[in-house]
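Participant: Give me a 3D structure for the following:
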Amino acid sequence: MRRQAGFSIIEVLVVAAITCILGLIAVPQYSAYRQRAYNLAAESDLKSVAQAQERFFEENASYKAIENCFNVDSEGRCAVDGLPGLKSLSKGVSVSVSTSQTGFVATAKHIKGTKTCTWDSTRGGLVGCS
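Facilitator: Take a look at the predicted model:
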């Protein structure tokens, strides 16, 4: 009798089943990881805008209002003009800032993110992301 080399159909099916199970676990985890990254980019940019607003206030005794970003640079980033130390935001992040005599309220959201983060300077800073 000759010995046959190769894999049996059962061995191939077991490997395929294990691969499918690992894929079913990995894909949702990867998607959740990406969502967290997008939301954190928006939160980080919001903190940068808040710091720049405070520097702007020190120089001008007022805050700078920013509407939703329509001024996009060549890399697809929102270009923020007039705020000291801040040229642009992360790619895909949009920020809006409404001002008053006593403070400002800023919101940020990534175009692919699931949360909108809010900063209220009269309430002590980052209100949260929801």
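
Participant: What ranges does the chain have for its strands?
Facilitator: Listed in chain order, the strands found in the chain under DSSP state E are 77-79, 88-91, 93-99, 104-110, 116-120, 125-129.

Participant: Turn those into a markdown table, columns for mean pLDDT.
Facilitator: Formatted as a markdown table, those follow (pLDDT from 0 to 100):
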| stretch | mean pLDDT |
| --- | --- |
| strand 77-79 | 81 |
| strand 88-91 | 89 |
| strand 93-99 | 92 |
| strand 104-110 | 95 |
| strand 116-120 | 97 |
| strand 125-129 | 94 |
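
Participant: Those strands into JSON lines, with extra columns for mean neighbour count and distance to Ala16?
Facilitator: For glycine as for every other residue, the C-beta is placed from the backbone atoms N, C-alpha and C. Below are those laid out as JSON lines (neighbours: other CB atoms under 10 Å; distance: least, CB to CB, whole Å):
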{"stretch": "strand 77-79", "mean neighbour count": "18", "distance to Ala16": "43"}
{"stretch": "strand 88-91", "mean neighbour count": "18", "distance to Ala16": "38"}
{"stretch": "strand 93-99", "mean neighbour count": "20", "distance to Ala16": "41"}
{"stretch": "strand 104-110", "mean neighbour count": "23", "distance to Ala16": "37"}
{"stretch": "strand 116-120", "mean neighbour count": "20", "distance to Ala16": "42"}
{"stretch": "strand 125-129", "mean neighbour count": "14", "distance to Ala16": "40"}
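
Participant: Give me the most central residue, this protein.
Facilitator: Residue closest to the mean C-alpha point of the chain, counted by CA atoms, centre = their mean, is Tyr38 at 2.6 Å.
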